[in-house]
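Trainee: From the sequence below, what's the structure:
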Amino acid sequence: MTEIRNCKECGRIFQYTGVSKICTRCQKKEDNDFNVVREYIYENQGATLTEVSEETGVDEDKILRFLREGRLEIVGEDSALILECERCGKGIRTGRFCDECAHELEKGLKEGLGKNREPMGTMYRAHRKKRI
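Mentor: Okay, the predicted model is just below:
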């Protein structure tokens, strides 16, 4: 059964498929915005967030979201577009965490899962009889 939701961007009703929280019309616009921003950043290394936003017409929050999602990466060593690790505050090029913090978080999660893992017992499967 399909689920009907309101688009997070425009508020229109759309058929939710479990992939995106926005309608196909807004998804196309977002994909276009992403491509415009990506091209601008790679052609104009060292551009500020404000400059990218003004030149491309894409909102600063959306550009930061693209960076946080890992869809874009900051190019150049002295780029003015700066992200900070959400855990330690170190400057990063893409995503939410620096490599060290991501590794520590992953290690902690694996350790936590390993310690609390207990056998769950036997799983039984019900077999249905076919009606003739």
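Trainee: my guess is Glu37 contacts Leu72, does it?
Mentor: One correction, residue 37 is Val, not Glu. Yes. Between Val37 and Leu72 there is a contact under Cβ atoms under 8 Å: 6.8 Å. (Glycine included, C-beta is placed from N, CA and C.)
Trainee: which residues are in contact with both of these two?
Mentor: By Cβ atoms under 8 Å, 6 or more residues apart in numbering, Val37 and Leu72 have these common neighbours: 63, 66.
Trainee: Could you check how far the helix or strand of the chain with the lowest mean pLDDT is from the centre of its chain?
Mentor: The weakest-scoring helix or strand in the chain, judged by mean pLDDT, DSSP states H and E, is strand 83-84 (a mean of 83). Relative to its chain's centre, strand 83-84 lies at 15 Å (Cα atoms, centre = their mean, to the nearest Å).
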